[in-house]
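Novice: show me how the following folds:
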Amino acid sequence: MCGIAGILSDKIDLRDAGEMIWRISNSLKMRGPDARGEIVCRDYALIHRRLSVIDVENGAQPMHFGKYTIVYNGELYNTEELRNELKNYGYTFDTECDTEVVLKAYDKWKEKSALKFNGIYSYAILDKDSHELFVCRDRIGVKPLYYSHKDSTFAFSSKMESLLYVDGVEPVCDRQGLNEIFMLGPAKTIGKTVFRDIMELPPASYMIYKKGKIEIKEYWRLEAQEFTDSQQQAQEHTHFLVTDAIRRQLVSDVPVCTFLSGGLDSSIISRVASDYFRDRGQVLSTYSVDYDDNDKYFKASSFQPNKDSDYINLISDYIGSEHTNVMLNNIDVADALIDSAIARGCPGFTDVDSSLLLFCKEVKKRFTVCLSGECADEVFGGYPWYHRQDVLFEETFPWSRTTDVRKSILKNGFLPEGEDYAHSAYLDTVKKTDYLDTDSPLERRMREMFVLNMDWFMQTLLVRKDVMSMESSLEVRVPFCDYRIVEYAYNMPWSIKSLGGREKGILRKAFENELPDIITRRKKSPYPKTFNPIYTEQVNKMMNAVLGDKSCPLFDMLDITAVRALMENPDSLGEPWYGQLMRGVQVLAYIVQIYVWIKKYNIEFEL
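Specialist: Just a heads-up that it's a prediction; the model follows:
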């Protein structure tokens, strides 16, 4: 994995812009600490920072072939198949890395090459003769790509922050950005960011930039197709797809481990990985995360019915892994709200971000690559809102059903269009859904829920996982995001997907003979959060500092009385701000992150 960036400009002589190029490259250093490469000409520059995983000795970037030059961030999981196919067309290869395969696949198939790839990636290929730039992002959107086009200068990067160093790009947040923050955050609309001058290349899309013009095309989307497999065939095919995705993603020239929470998804990955390692005479290392005194303060709820710690040792012993439990200090988790917001370049997922950042830093001490169970819930219907009839057919985001709680902390009359903004985002997403004429009302709604979860909840988690892991120079792979699994699950009837009336029923059934019964029967439980009052106290201290800064624009946006009331009683929050992971204290932490973002980037507001 790596960090990439580039600039094309008719206005700036980039040979004289050494400081700007260095600052952009330096902003990507944690994404690629092992090597730095760049090519700089008068009107274009390509920048690469490398985290070496495959063919460590070779694969330096930018990489050249004929008239093309590439900067690439990602991993292909069908590299060997594509390399062999290209060899049949007469191509030869100098490295074992997937970068060369991507580059030569583009030489052969141009923009259609994206459909050949099974992996997670964002990359840019420059035609040095015509100065046409091709930029592409993976189907699911695991790897990020942001861009800006202003004053005859086009720039792209793996990080939003990098683009703020480009001449002419201003740290301005307009009303759209404010609505993204307060009405949708920590989620965001695909293609948009919180900055006026910065956009996102959507997943499953490519962009062509030539002579000052941008053309963006979608190369893949979910399509409704008739599902002809029986329940038994669905069970077997699900097992094959998931196992194949995991095994493909274990390939690496550097040490690999897995995250293990004791839940179904991470247990499946760890079981398959453990078998893979055992066949090679090796022992899998697994990692989990918890918080000081969490057993003492844990509170069971419908969202989080039990503790991970009750299950982790059981599954670790069962698969024979070498397990490490990382225990986080609650004050450190609160303090890391600052670093995690800066790493994102915008307000984020509060302690869900900060704890993962600290966790990844610990894992990185021994490993460079890790596999994680994100996105099985979106793909196989694991969240409570798939199963609650009182929520399922509501015309709203099920994890954020109303903007009332969001408006409650804002000054009266601030962002009056906020409710309409959020509802329009919902409607625009539902319109993307592809149906069959034969779909029942339930099946139609389940397709809509699939798209809503993939475009919103999944994207929020993928940004979190990418940013926090790469800020730690750790590559985290997500096997359940294999597009073959996503396509198959999209067309699977709900009666099969929710087999036995359970969340992820087909997934449980597919692996029931390879895991202990207690694991396959365990109720869905989210990423662990701290229940320790020490964390709440630390967040309140940070909030007092925020509310004491009346010179910050944030002060004039908030209902200070309402915020202080929430500080005194975090449990008073009615509906959750965002799903099961953002409630009272997390809303306060979110305000802290907004403040950090404003101060760090000297944000100006365009109202």
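
Novice: enumerate the positions of the helix or strand where residue 25 lies that are buried.
Specialist: Using DSSP states H and E, residue 25 falls within helix 18-27. By 16 or more other CB atoms under 10 Å, the buried positions in helix 18-27 come out as 20-21, 24-25, 27. Using the backbone N, CA and C atoms, a C-beta is placed for each residue, glycine as well.

Novice: can you name every helix or strand that that helix contacts?
Specialist: Other elements packing on helix 18-27 under the criterion 3 or more CB pairs under 8 Å, 6 or more residues apart in numbering; DSSP states H and E are strand 2-9, strand 35-40, strand 44-50, helix 160-163.

Novice: try it again at 6 Å.
Specialist: Contact partners of helix 18-27 among helices and strands, from 3 or more CB pairs under 6 Å, 6 or more residues apart in numbering; DSSP states H and E: strand 44-50, helix 160-163.

Novice: out of the ones you listed, which gets nearest to residue 459?
Specialist: Among those, helix 160-163 comes nearest to residue 459, with 14.7 Å by CB to CB.

Novice: ok, now which ones touch residue 491?
Specialist: Residues in contact with residue 491 (CB atoms under 6 Å, 6 or more residues apart in numbering) are 225, 227.

Novice: distance of it relative to residue 497?
Specialist: Shown here: residue 491 relative to residue 497, a distance of 10 Å by CB to CB, to the nearest Å.

Novice: also residue 419?
Specialist: Residue 419 is 32 Å from residue 497, by CB to CB.

Novice: then residue 503?
Specialist: From residue 503 to residue 497 the distance is 9 Å (CB to CB).

Novice: also residue 321?
Specialist: Distance from residue 321 to residue 497, by CB to CB: 29 Å.

Novice: residue 581 is in contact with residue 352, correct?
Specialist: Yes. Using CB atoms under 6 Å, residue 352 is in contact with residue 581, at 5.1 Å.

Novice: mind listing what's buried in the helix-or-strand element of the chain with minimal mean pLDDT?
Specialist: Lowest mean confidence among the helices and strands of the chain (mean pLDDT, DSSP states H and E): helix 294-297, at a mean of 73. Residues of helix 294-297 classed as buried: residue 294 (neighbour count, 16+ other CB under 10 Å).

Novice: name the residues that touch the helix or strand following it?
Specialist: Next helix or strand after helix 294-297 toward the C-terminus (DSSP H and E): helix 309-319. Outside of helix 309-319, the residues within contact range by CB under 6 Å, 6+ apart are 262, 267, 270-271, 274, 286, 288, 323, 516, 519.

Novice: try it again with 7 Å
Specialist: 260-262, 267, 270-271, 274, 286, 288, 290, 295, 323, 325, 516, 518-519, 522 (CB atoms under 7 Å, 6 or more residues apart in numbering).

Novice: now, of those residues, which are buried?
Specialist: Among the contacts of helix 309-319, those buried by neighbour count (16+ other CB under 10 Å) are 260-262, 267, 270-271, 274, 286, 288, 290, 323, 516, 519, 522.

Novice: the spatially most central residue of the chain: which element?
Specialist: What sits nearest the mean C-alpha location of the chain, by CA atoms, centre = their mean, is residue 462, with 1.3 Å. Assigned by DSSP H and E, residue 462 belongs to helix 458-470.

Novice: can you check what angle separates that helix from strand 2-9?
Specialist: Per axes from the mean of the first three to the mean of the last three CA atoms, to 10 degrees, the angle that helix 458-470 makes with strand 2-9 is 100 degrees.

Novice: could I get the full set of helices for the stretch 1-150 of the chain?
Specialist: 18-27, 79-88, 98-109 (DSSP state H, counting those that start in this stretch).

Novice: in the chain, which residue sits furthest out from the middle?
Specialist: What lies farthest from the middle of the chain is residue 90; by CA atoms, centre = their mean that is 37.1 Å.

Novice: if we can go back for a sec, redo the helices and strands packed on helix 18-27 as TSV? Include mean neighbour count.
Specialist: TSV is the format used below for the helices and strands packed on helix 18-27 (neighbours: other CB atoms under 10 Å):
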stretch	mean neighbour count
strand 44-50	26
helix 160-163	24
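
Novice: so for residue 103, which of these sits nearest?
Specialist: Taking these one by one with CB to CB, strand 44-50 is closest: 12.6 Å.

Novice: on that earlier part again, list residues touching both of residue 503 and residue 497?
Specialist: Residues touching both residue 503 and residue 497 (CB under 7 Å, 6+ apart): residue 381.

Novice: and the average pLDDT for the helix or strand harbouring residue 214 is what?
Specialist: Residue 214 belongs to strand 213-218 when assigned by DSSP H and E. Average pLDDT, strand 213-218: 98.

Novice: for the nearest residue to residue 399 once chain neighbours are set aside, give me the pLDDT.
Specialist: With CB to CB, 6 or more residues apart in numbering as the criterion, residue 399 has its nearest non-adjacent residue at 3.8 Å, and that residue is residue 579. Per-residue confidence (pLDDT) for residue 579: 82.

Novice: tell me the phi and psi of residue 579?
Specialist: phi 60, psi -160 (degrees, to the nearest 10).

Novice: against residue 460, how distant is it?
Specialist: From residue 579 across to residue 460, the span is 9 Å (CB to CB).

Novice: same question, residue 442
Specialist: Residue 442 sits 26 Å away from residue 460, going by CB to CB.

Novice: higher neighbour count, those two?
Specialist: residue 460 (22 against 14; other CB atoms under 10 Å).

Novice: now for that one: which residues touch it?
Specialist: Per CB under 7 Å, 6+ apart, neighbours of residue 460: 186-187, 349.

Novice: returning to that earlier point: what does the strand holding residue 214 contact?
Specialist: Applying CB under 7 Å, 6+ apart, the contact partners of strand 213-218 are 149, 204-208.

Novice: how far off helix 79-88 does the helix or strand just after it point, in degrees?
Specialist: Using DSSP H and E, the helix or strand that follows strand 213-218 in sequence is helix 231-248. Calculated by the same axes, to 10 degrees, helix 231-248 forms an angle of 80 degrees with helix 79-88.

Novice: packing partners of helix 231-248?
Specialist: Other elements packing on helix 231-248 under the criterion 3 or more CB pairs under 7 Å, 6 or more residues apart in numbering; DSSP states H and E are helix 264-279, helix 483-490, helix 505-510.

Novice: ok so, going back, tabulate the buried residues of helix 18-27 (JSON lines), appending distance to residue 446 and pLDDT.
Specialist: Rendered in JSON lines, the data for the buried residues of helix 18-27 read as follows (distance: CB to CB, whole Å; pLDDT from 0 to 100):
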{"residue": "20", "distance to residue 446": "49", "pLDDT": "96"}
{"residue": "21", "distance to residue 446": "48", "pLDDT": "96"}
{"residue": "24", "distance to residue 446": "43", "pLDDT": "96"}
{"residue": "25", "distance to residue 446": "45", "pLDDT": "96"}
{"residue": "27", "distance to residue 446": "41", "pLDDT": "96"}
